[in-house]
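A.B. asks: Got a predicted structure here, sequence first:
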Amino acid sequence: QLQLVESGGGLVQPGGSLRLSCAASAFTFNVYEIGWFRQAPGKEREGVSCISSSGGSIDYADSVKGRFTISRDHAKNTVYLQMNSLRPEDTGVYYCAAKMSFSRCVLSQSQFHYWGQGTQVTVSS
């Protein structure tokens, strides 16, 4: 059973930065596509970014392109989401999720079977 643990959330001022981490407990981490999703209060959960199992395919939601960067470190079984130029509308609970896949990543919640518990990101002055 794959377990995912997010960390790195917190309170940051507009324009600031945070780096989220998603640590996976699996010896076969390199077969999993990882996605980041977020849910703002009163809104549905939405996709933020994804990275394929190889790391060769990456996608971002239009709202975060140019500000967020996703990466993965296979040696550490960890995926990172570097978030720069944060805005109040980036506030929400951020979740990482995983699915077994060897194709390009797809920023869709469907077929992601494993989810972390989430980490809160609050962007406010």
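C.D. replies: Arrived safely, thanks for sending.

A.B. asks: what ranges do the strands span in this structure?
C.D. replies: 4-7, 10-12, 18-24, 32-39, 46-51, 58-60, 68-73, 78-83, 92-100, 114-115, 119-123 (DSSP state E).

A.B. asks: which residues are in contact with the last one?
C.D. replies: Here strand 119-123 makes contact (C-beta atoms under 8 Å, 6 or more residues apart in numbering) with 6-14, 16, 18, 20, 38, 83, 86-94. For every residue, glycine as well, the C-beta is placed using N, CA and C.

A.B. asks: Distance-wise, check the residue nearest the centre of the chain relative to residue 3.
C.D. replies: Computing the C-alpha centroid of the chain and ranking residues by C-alpha atoms, centre = their mean puts residue 36 first, at 2.5 Å. Counting by C-beta to C-beta, to the nearest Å, the separation of residue 36 from residue 3 is 17 Å.

A.B. asks: wait, isn't the residue nearest to the centre of the chain in contact with residue 58?
C.D. replies: No - with contact defined as C-beta atoms under 8 Å, residue 36 does not count as touching residue 58 (11.1 Å).

A.B. asks: Please enumerate the shared neighbours of these two.
C.D. replies: Residues touching both residue 36 and residue 58 (C-beta under 8 Å, 6+ apart) are 49-50, 70.

A.B. asks: Quick check: bridge partners of the closest residue to residue 76 other than its chain neighbours?
C.D. replies: Closest residue in space to residue 76, ignoring its immediate chain neighbours: residue 23 at 7.6 Å, by C-beta to C-beta, 6 or more residues apart in numbering. Beta-bridge pairing of residue 23 under DSSP bridges involves residue 5, residue 78.
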